[in-house]
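Student: Sequence first, then the predicted structure, then my questions.
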Amino acid sequence: MISVIKIVEDTTVDGPGFRTTVYAAGCPNACPGCHNPQSWKKSAGTMMPVDEIMKVIRADEFADVTFSGGDPMFQPEGFTKLARQIKKETGKNIWCYTGYTYEQLLKNDRQKELLQWIDVLVDGPFIESQKDEDLLFRGSRNQRLIDVPRSLHNGHVELYHSTVV
């Protein structure tokens, strides 16, 4: 079960192309200036079984998937189960937004397990003083777009390089 604020289909702002974005409830970071403060409390969401979320994801064969929030890394077990099922059944590309840094996630076994299923991680807290409207798929300059499979394989952060303009 995952506490979900909402699921948005065919969005184009949470990664390249059309995406189905699952907005997690619960975020311990409470970043000043956050665009989604209603998602901070885990109790603000609706508990949804992974199978129900998968029905929405399967319904659009062309949309990839993004986990956002709140913070999906605040519910790593549920999102790991969902990500594993997405990869097994659809092979879709998965992006994940988190207020944690990649380095912090590697130190937590439950969060590190979720990383194994993520293609691109947008990491780091939103910092209002570093807000930049011109950034692609992130809100502040400190946030990184990380190619997770390459980073895990090479043992250090490898940035994602998009061909999207």
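Tutor: That came through, no problem. Residues are numbered from 1 along each chain as shown.

Student: only C-alpha atoms for contact and neighbour calcs from this point on.
Tutor: Will do.

Student: what pLDDT does residue 162 get?
Tutor: If you check residue 162, the pLDDT there is 73.

Student: Setting aside sequence neighbours, what's the nearest residue to residue 25?
Tutor: With C-alpha to C-alpha, 6 or more residues apart in numbering as the criterion, residue 25 has its nearest non-adjacent residue at 4.5 Å, and that residue is residue 42.

Student: cool, and residue 84?
Tutor: Spatial nearest neighbour of residue 84, excluding adjacent residues (C-alpha to C-alpha, 6+ apart): residue 117 at 6.4 Å.

Student: Run through the residues that contact that neighbour.
Tutor: Residue 117 makes contact with 80, 83-84, 87, 94, according to C-alpha atoms under 8 Å, 6 or more residues apart in numbering.

Student: What pLDDT is listed against residue 34?
Tutor: Residue 34 carries a pLDDT value of 83.

Student: what does residue 136 give?
Tutor: In this model, residue 136 is scored at 88, pLDDT.

Student: Make 40 the starting number, not 1.
Tutor: New numbering, starting at 40: the last item is residue 175.

Student: Great, nothing more from me.
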